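Colleague: Structure here, sequence nowhere to be found:
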């Protein structure tokens, strides 16, 4: 069987088995697991003359859907530097392309975009018992998209594959102030969002996009009830008795590492405190270890890539 790009009736169909991201037309930034969105839509305008029942329709301004990527640790340092800027509220715009390749890593299609900003970033649920590979979800707000034929270049095979496989959902450590969090069992998924506003001007066919405030979510984690008493005492002082924190605000960070225990990245939490602490349901028939869920409010987060 040969890898021909054209069949007897035209271009040969293919299964898009591999994808890559390109930014600023420089280099491929790595392979990712899946892509969603990135379509082009247009409003349909309807006009009806008052004297007739006829209706005329035409297309209005185009709309470019957000591009959603599912990525892991297979991306390059340049991409994670872009993520670091997102956490600081700096909406850095980049031009690039989504490249689709066939089974033989030959480029078959391109989806070029302009003025892309990171709009949303979702970290996966972390679980000490989950040995599966972990992935993050990244949403990009773009101002223009073009569908183009592939250039026929060959992608680098399995780029970043070893790094990706090494990031498991169980490879994490949580730190919170002076509390002992060595036996934290789970951290719930959380999403950082930057609101994007659309600005429509009369001289343009489509709206430009402007970044707005960034929203840091609540963070939830679980640990055995036998380790939770210091957290109960802290919440009693702050949440029940109303102790003013002053300079004693809590800080912490979530550390992700690979199978060799080498740190891959850190997500730091700035000015946090306990908003809710809730023990598991008590059940005499259960043989599971009794755990406590702790919810933290967060004022700010920072992301540091160490790979």
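Modeller: Perfect, I can see it now. From a predicted model like this one, the values you see are computed outputs, not experimental measurements.

Colleague: contacts, neighbours, all on C-alpha from now
Modeller: Fine.

Colleague: What residues sit buried inside stretch 187-203?
Modeller: Judged by neighbour count (16 or more other CA atoms under 10 Å), stretch 187-203 contains these buried residues: 187-188, 190-194, 196.

Colleague: same check, this time on stretch 58-65
Modeller: 63-65.

Colleague: thinking again about what came up before, out of the buried residues of stretch 187-203, which is nearest to residue 230?
Modeller: Nearest to residue 230 among the buried residues of stretch 187-203 is residue 187, at 18.9 Å by CA to CA.

Colleague: Can you name the residues bridging to that closest one?
Modeller: Per DSSP bridges, the residues bridged to residue 187 are residue 126, residue 221.

Colleague: Please tabulate the buried residues of stretch 187-203 in TSV, including the columns distance to residue 224 and pLDDT.
Modeller: Listed next are these as TSV, based on distance: CA to CA, whole Å; pLDDT from 0 to 100:
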residue	distance to residue 224	pLDDT
187	13	96
188	15	96
190	21	95
191	25	96
192	27	95
193	31	93
194	34	91
196	40	88
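
Colleague: I'd like these as CSV, with distance to residue 132 and secondary structure appended.
Modeller: Supplementary listing: these in CSV, determined by distance: CA to CA, whole Å; DSSP: H, G, I helix; E, B strand; the rest coil:
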residue, distance to residue 132, secondary structure
187, 15, strand
188, 15, coil
190, 18, strand
191, 20, strand
192, 23, strand
193, 26, strand
194, 29, strand
196, 33, strand
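
Colleague: and residue 230, what element?
Modeller: Take DSSP states H and E as the rule and residue 230 turns out to sit in helix 229-235.

Colleague: Give me the below-cutoff pLDDT ranges for this structure.
Modeller: Counting by pLDDT under 70, the chain contains low-confidence ranges at 1-11, 14-17, 26-31, 74, 157-166, 247, 307.

Colleague: On the C-terminal side of the helix holding residue 230, identify the next helix or strand.
Modeller: strand 250-257.

Colleague: hmm, who's touching that next one?
Modeller: 167, 171-177, 263-273 (CA atoms under 8 Å, 6 or more residues apart in numbering).

Colleague: What strands line up against that strand, and which way round?
Modeller: Using DSSP bridges, the strands paired with strand 250-257 are strand 172-176 (antiparallel), strand 263-279 (antiparallel).

Colleague: Give the next helix or strand downstream of the last one.
Modeller: I take that to be strand 263-279. Assigned by DSSP H and E, the successor of strand 263-279 is strand 291-305.

Colleague: What residues of that next one count as buried?
Modeller: Buried, per 16+ other CA under 10 Å, within strand 291-305: 291-298, 300-305.
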